[in-house]
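K.L.:
fold the following for me, if possible:
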Amino acid sequence: MPIARITLNKGKSPEYLEKVSQSIYSAMRESYNLDENDKFHIFQELDANTFKFDRNFGVPQPRTDDFMIIDILSDPRQAPVKLATMRALKEKLVESVGLAAQDVVVTFDARLAAEDASLGYGEPVLKVLQ
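P.N.:
Numbers count the residues shown, from 1 in each chain. Below is the predicted model:
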């Protein structure tokens, strides 16, 4: 049950956000071995006063106002899976919303174990999925 938190500048349309969400889901289905319908996304839209980023750090072309950070909280994954996910996310977002390749930062927080989360009913994931 990975949870993706997408932080971006305020002002995108609901259609844009839906395309981003679908792109993330599609990329993670391909590369992260997600179950069907395992989609938990949190959009955090911030204004320029509360979303600060360097436009040039680590990239050959400057980031634009479309810049976003995708934080993925999940159980641990191997490096090749994370690399495939980063690449798939970039490809899907470039294709679906025209995001520039330098405008997506992906981070993984891989310390979530099945007993650390509930899908509902106050039961841990392991019990619900058995």
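K.L.:
so where's this structure shaky on pLDDT?
P.N.:
Confidence mapping of the chain against pLDDT under 70 gives the ranges 112-119, 121, 124-130.
K.L.:
where do the strands sit along it?
P.N.:
3-9, 41-46, 68-73, 104-109, 118-120, 123-124 (DSSP state E).
K.L.:
right, and the ones you listed - which one's nearest N33?
P.N.:
strand 68-73 (13.0 Å; Cβ to Cβ). No exception for glycine: its C-beta is placed from N, CA and C like everyone else's.
K.L.:
returning to what we had before: distance to E95 and mean neighbour count added to the strands of the chain, as CSV?
P.N.:
CSV is the format used below for the strands of the chain (distance: least, Cβ to Cβ, whole Å; neighbours: other Cβ atoms under 10 Å):
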stretch, distance to E95, mean neighbour count
strand 3-9, 17, 19
strand 41-46, 18, 14
strand 68-73, 15, 20
strand 104-109, 12, 17
strand 118-120, 30, 11
strand 123-124, 36, 14
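K.L.:
so which of those strands gets nearest F57?
P.N.:
Per Cβ to Cβ, nearest to F57 of the strands of the chain: strand 104-109, 9.9 Å.
K.L.:
export the strands of the chain to a markdown table and tack on distance to S21?
P.N.:
Shown next, in a markdown table, are those (distance: least, Cβ to Cβ, whole Å):
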| stretch | distance to S21 |
| --- | --- |
| strand 3-9 | 8 |
| strand 41-46 | 5 |
| strand 68-73 | 11 |
| strand 104-109 | 14 |
| strand 118-120 | 19 |
| strand 123-124 | 26 |
